[in-house]
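Peer 1: Give me the fold of what follows.
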Amino acid sequence: MSDEYAVDAADSGAANYNPVQTSSLKKGSHIIIKGRPCKVENISTSKPGKHGSAKCHIVATDIFNGKKNEEISPAHHTVHAPIVKRKEYGLMCVEDGFLNLFDETNCTEKDDVRMPAGEIGEKIQDLLKNDKSIVVTVLASMGEEMVIEVKEETKSS
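Peer 2: Okay, the predicted model is just below:
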């Protein structure tokens, strides 16, 4: 009795974060506060007191919506640092408010990144109107993705 399974891709089931000690965090590192991936802006450590250990006061900004978050944690405790990935894609077109992207490293298409609003979205529209080759940088963490940078492709093929 032999059952065959066809598996195209599989997730390892690993978490979207790594454990780190609070005292090892530095400005610019990443931390999860209130379930959101954040970038540390400031961290200050108090001295240990009569009845407790040293505490770290962390001020961080959400990497996707820009909201400021704060957390106080004992210096020896473990907190979660999200796995943050940054990748460049070639932009092929925009369909129904989503970007149609091409990954040159493994020759695959990606069409689930939403067209950004604001200055980045306007820059994409301008470059598309002028028929320019566009490269977008996508930031991904904890199942969310967002375009953080747009530039004209300068590499000649």
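
Peer 1: now the strands for this protein?
Peer 2: 17-21, 30-33, 36-45, 55-62, 68-74, 78-82, 84-95, 98-103, 108-114, 134-141, 144-152 (DSSP state E).

Peer 1: I'd like to know which of these is closest to residue 122.
Peer 2: strand 144-152 (9.6 Å; C-beta to C-beta). The way it works is simple: take the backbone N, C-alpha and C, and place the C-beta from them, glycine included.

Peer 1: Of the strands of the chain, which stretch is the most buried?
Peer 2: Each of the strands of the chain was scored by mean neighbour count; the highest is strand 30-33, a mean of 21, by mean count of other C-beta atoms under 10 Å.

Peer 1: Outside of that one itself, list whatever touches it.
Peer 2: Where contact means C-beta atoms under 8 Å, 6 or more residues apart in numbering, the residues beyond strand 30-33 that reach it are 17, 20, 25, 37-40, 58, 60, 63, 69-71, 79-82, 84, 141-142.

Peer 1: what do you get if the cut-off is 10 Å, keeping everything else the same?
Peer 2: 16-18, 20, 22, 25, 37-40, 43, 58-63, 67-71, 73, 79-84, 141-142 (C-beta atoms under 10 Å, 6 or more residues apart in numbering).
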